[in-house]
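Asker: next comes the sequence, and after it the predicted model I'd like to discuss.
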There are 2 protein chains.
Amino acid sequence: MATMQEVATRAGVSIATVSFVVNGTKRVSPATRERVTAAMAELGFRNNVVARALASKRTRIIALLHPALEHRLGSTSMKFFMSAANRASELGYHLVLWPVVTGPDELRDLLSGGLVDGVVVMEVKMEDSRIERLTDLRVPFISIGRTADTTHLPFVDIDFEKTMEDGLDYLTGLGHRRIGLVIEDLEGTSMAGYAPHIRSERTFRESMTRRGLLPHVVTCGPGAAGGRQAAADLLATEPDISAVIVMKDDSAFGLVRGLSTAGRRVPDDVSVLSIASSDEAGAQSEPVLSTMNAPGHELGKLAVEALIEQLDGAAAPDAELPHLLLPCLLHVAGSTAPAPA
Amino acid sequence: MATMQEVATRAGVSIATVSFVVNGTKRVSPATRERVTAAMAELGFRNNVVARALASKRTRIIALLHPALEHRLGSTSMKFFMSAANRASELGYHLVLWPVVTGPDELRDLLSGGLVDGVVVMEVKMEDSRIERLTDLRVPFISIGRTADTTHLPFVDIDFEKTMEDGLDYLTGLGHRRIGLVIEDLEGTSMAGYAPHIRSERTFRESMTRRGLLPHVVTCGPGAAGGRQAAADLLATEPDISAVIVMKDDSAFGLVRGLSTAGRRVPDDVSVLSIASSDEAGAQSEPVLSTMNAPGHELGKLAVEALIEQLDGAAAPDAELPHLLLPCLLHVAGSTAPAPA
DNA sequence: CTTATCCAGTAAAGCGGTTAACTGACTTTT
DNA sequence: AAAAGTCAGTTAACCGCTTTACTGGATAAG
């Protein structure tokens, strides 16, 4: 690969001039610029990213941190990732998915090594040590999801509170009064304290109570099997249940089947609303699930924009931290219907 | 962050010595080693990855290239990714998922820039320009999946041929004679020429013919809806079909529902076998699908090992290229049964 | 006609490491 | 006892690019 020095020699200029041409850092006369450009083309010059990074202390690489192994990337996360990657690319950055395998030290290496300009954190828990670590390391970052305390946290997140309220508005609007919530049980796993679950459950309980209704909450095991069991558990507690909100695609699929097995027709006897999901996921079930779609695309875009603004120093030093909340949007399909008489 | 020079000063040695301690590149007396180690600990020294990369021309980073947007990461790919990342980590490398957004130039930048030591390519088509490009750039790489011509291609892949034979052995062993194949139609999409589909279909046709049976092949649209339609199409062609092999999870879910809608019970009337799938995916359907499980875990591990062997120069210069094929393993669940009389 | 300003371009000092070649003291060999 | 090895450490030349300070000629101002 041709180096900058070779280009300089060939164009009969100094290496600095080449650098100015490449980066547009300083004015160069049209004539020399032309010579340099030609030389670059002839030699097939490519700027060495590593050398540039060392000298300038910027790589234009953003890492999307992903807790490896645990929790596989759902379609929502994937959408988010793609959207973020595209937006980053438009803004001249690379967004890579970095599975943090070995724990905090690996993180430290990348960051203090200067390999990465900034970080996006996902799958955040109510208390999350990674956040503190990033703050300590003074790495520019943004979080997808919020910890319990958000005062010093730049984040974008799904507005689970509003999503839940909207969902309940919709269901009660259909006449439902006995409504259950199915949430995967993460206690004991590495995802214990996962914020979306906790917020959703809390809001569900509060909102139901406020509406003068009894909150029926059932936790379940992982996968479709867990959802299936949840149906049985729920019906055992409250046989007259007429609507269920469920928080994970797997669980939702299992839930619907569990309800059928128990002789409840969906949506005639029991309505099912899958939240923080997507059209595509909903379409995998029969009947097609009514969903509240996670705004993965928008969140990805916004997260990257906020982070890059911070990186490029476009944001005022003491500007307010980004605190963006977007609710899931209701998409009515075949799994919800008016409450049975 | 403390630099190596600072550590050296503090320990009263030269910077080279510190480097030797850090990398174990040269013998250092226990006494000095101890002083250096202590100094590093006190200063919280972290090796600067970028500087190291520039000087040594190695980053110990491997990029898993992913064609952005197109084809979202299925659970098989994800398993593969995780397994590869873990194995890489064990071997002292980082494996990151790099969505190539802007096309070949981006690729070129990373590689000629020396940001990445090697590359893993996935979602390979029968003719794939990326392979040629990587060869041209002389970047060490390994492919998950094979192009049509594999003479110069280092790869690991699912043995679709054997998988299909095994699947057909199993089904014919159950007495099935009228067997269909459902494959998603990718013509006209960016994934046209996707190797797994082509190999599977070809082997299906050949093997069926060899067995003296008629190969019923139906292509379908994307998602569950496509699979559903495929059921109708297949029954229109061959109403007495008694078994169907299907190649994608989405399609499989839709297919099962489509069959039910058409009044066929699974598995009593029609058996369904989902290939290149996984237990977890199969469990999302009702009845639980019999699957042939993609060896994502093994492939990820093997791919990374082969690549790193190449990187570390452990392989002889003219050693044979890795050509590894692993079949999917049959996992019998609830969607297959003996052929009806 | 000076002196002050511009301007395009250059020289050179890093950025934080790696590594080949070298040094000097001490141990073996013959 | 002289020649030859060992061995732990050091020196210094890179790796390829960025960026600040500087130069010298051309133009504008006084």
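Answerer: The structure has been received and is ready for your questions.
Asker: which parts of the stretch 1-150 of chain A sit against DNA strand C?
Answerer: A:12-17, A:20, A:26-29, A:31-33, A:51, A:54-55 (CB under 7 Å from any atom of the strand). (Each C-beta comes from the backbone N, C-alpha and C, glycine too.)
Asker: kindly report the residues of chain A close to DNA strand D.
Answerer: Checking chain A against DNA strand D by CB under 7 Å from any atom of the strand, the hits are A:3-5, A:15-16, A:19-20, A:22-23, A:25-26, A:45, A:47-48, A:51-52, A:54-56.
Asker: quick revisit: which of the residues of the stretch 1-150 of chain A next to DNA strand C count as buried?
Answerer: Burial by neighbour count, judged by 16 or more other CB atoms under 10 Å in any protein chain shown, picks out A:13, A:17, A:20, A:28, A:32-33, A:51, A:54 from those.
Asker: of those residues, closest to DNA strand D?
Answerer: residue A:51 (3.4 Å; CB to the nearest atom of the strand).
Asker: also near chain B: which of the buried ones among the residues of the stretch 1-150 of chain A next to DNA strand C, exactly?
Answerer: A:51, A:54 (CB under 8 Å from any CB of the partner chain).
Asker: save the buried ones among the residues of the stretch 1-150 of chain A next to DNA strand C as JSON lines, and put in pLDDT too.
Answerer: Shown next, in JSON lines, are these (pLDDT from 0 to 100):
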{"residue": "A:13", "pLDDT": "95"}
{"residue": "A:17", "pLDDT": "96"}
{"residue": "A:20", "pLDDT": "96"}
{"residue": "A:28", "pLDDT": "93"}
{"residue": "A:32", "pLDDT": "95"}
{"residue": "A:33", "pLDDT": "95"}
{"residue": "A:51", "pLDDT": "94"}
{"residue": "A:54", "pLDDT": "93"}
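Asker: wait, doesn't residue A:242 sit right on residue A:176?
Answerer: Yes: contact status for residue A:242 versus residue A:176: in contact at 5.0 Å, counting by CB atoms under 8 Å.
Asker: joint contacts of the two?
Answerer: Both residue A:242 and residue A:176 are contacted by A:271, A:339, under the criterion CB atoms under 8 Å, 6 or more residues apart in numbering or on different chains.
Asker: enumerate every residue touching whatever residue of the stretch 101-250 of chain A ends up closest to DNA strand D.
Answerer: Residue of the stretch 101-250 of chain A nearest DNA strand D, by CB to the nearest atom of the strand: residue A:114 (11.7 Å). By CB under 8 Å, 6+ apart, residue A:114 lies in contact with A:53-54, A:57, A:59, B:48-50.
Asker: what's stretch A:276-283 in contact with?
Answerer: Contacts for stretch A:276-283 (CB under 8 Å, 6+ apart): A:75-76, A:79, A:158, A:160, A:163, A:196, A:200, A:247-249, A:252, A:274, A:288-294, A:296, A:328, A:331, A:333, A:335, B:223-225.
Asker: residues near the nearest residue to residue A:289 once chain neighbours are set aside, how many?
Answerer: Leaving aside its chain neighbours, residue A:289 sits nearest to residue A:282 (3.7 Å; criterion: CB to CB, 6 or more residues apart in numbering or on different chains). For residue A:282, the count of nearby residues is 26 (other CB atoms under 10 Å in any protein chain shown).
Asker: distance of residue A:282 from residue B:257?
Answerer: Distance of residue A:282 to residue B:257, computed by CB to CB, to the nearest Å: 14 Å.
Asker: what about the closest residue to DNA strand C within the stretch 101-250 of chain A, which SS state?
Answerer: With CB to the nearest atom of the strand, the shortest gap between the stretch 101-250 of chain A and DNA strand C falls at residue A:114, namely 7.1 Å. Under DSSP: H, G, I helix; E, B strand; the rest coil, the three-state class of residue A:114 is coil.
Asker: and the pLDDT at it?
Answerer: Looking at residue A:114, its pLDDT stands at 79.
Asker: equivalent analysis for residue A:71, please.
Answerer: Confidence score, pLDDT, at residue A:71: 51.
Asker: cool, residue A:285 as well?
Answerer: pLDDT, residue A:285: 86.
Asker: name the element residue A:200 belongs to?
Answerer: Element membership for residue A:200, per DSSP states H and E: helix A:195-210.
Asker: can you check residue A:40 too?
Answerer: Since the elements are taken from DSSP H and E, residue A:40 ends up inside helix A:30-43.
Asker: coming back round to it: strands - which of the contacts of stretch A:276-283 land there?
Answerer: A:158, A:274, A:290-293, A:331 (DSSP state E).
Asker: turn the residues you listed into a markdown table, columns for distance to DNA strand C and pLDDT.
Answerer: As requested, the ones in strands among the contacts of stretch A:276-283 are exported to a markdown table (distance: CB to the nearest atom of the strand, whole Å; pLDDT from 0 to 100):
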| residue | distance to DNA strand C | pLDDT |
| --- | --- | --- |
| A:158 | 39 | 97 |
| A:274 | 49 | 98 |
| A:290 | 55 | 98 |
| A:291 | 49 | 98 |
| A:292 | 48 | 98 |
| A:293 | 45 | 97 |
| A:331 | 51 | 98 |
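Asker: neighbour-wise, give me the winner out of these.
Answerer: Busiest of the ones in strands among the contacts of stretch A:276-283 [other CB under 10 Å] is residue A:274, holding 32 neighbours.
Asker: okay, the residue lying closest to that one once chain neighbours are set aside: pLDDT?
Answerer: Closest residue to residue A:274 apart from its sequence neighbours, by CB to CB, 6+ apart: residue A:252 at 4.2 Å. pLDDT for residue A:252: 95.
Asker: for the stretch 1-150 of chain A, which spans come out with low pLDDT?
Answerer: A:68-73, A:101-106 (pLDDT under 70).
Asker: for chain B, what are the nearby residues on it?
Answerer: A:1, A:46-54, A:59, A:63, A:68-69, A:72-73, A:75, A:78-79, A:81-82, A:85-86, A:89, A:94-99, A:101-102, A:106, A:108-110, A:112-115.
Asker: about what we covered before: what about the residues of the stretch 1-150 of chain A next to DNA strand C, which are in helices?
Answerer: Residues of these located in helices (DSSP state H): A:15-17, A:20, A:31-33, A:51, A:54-55.
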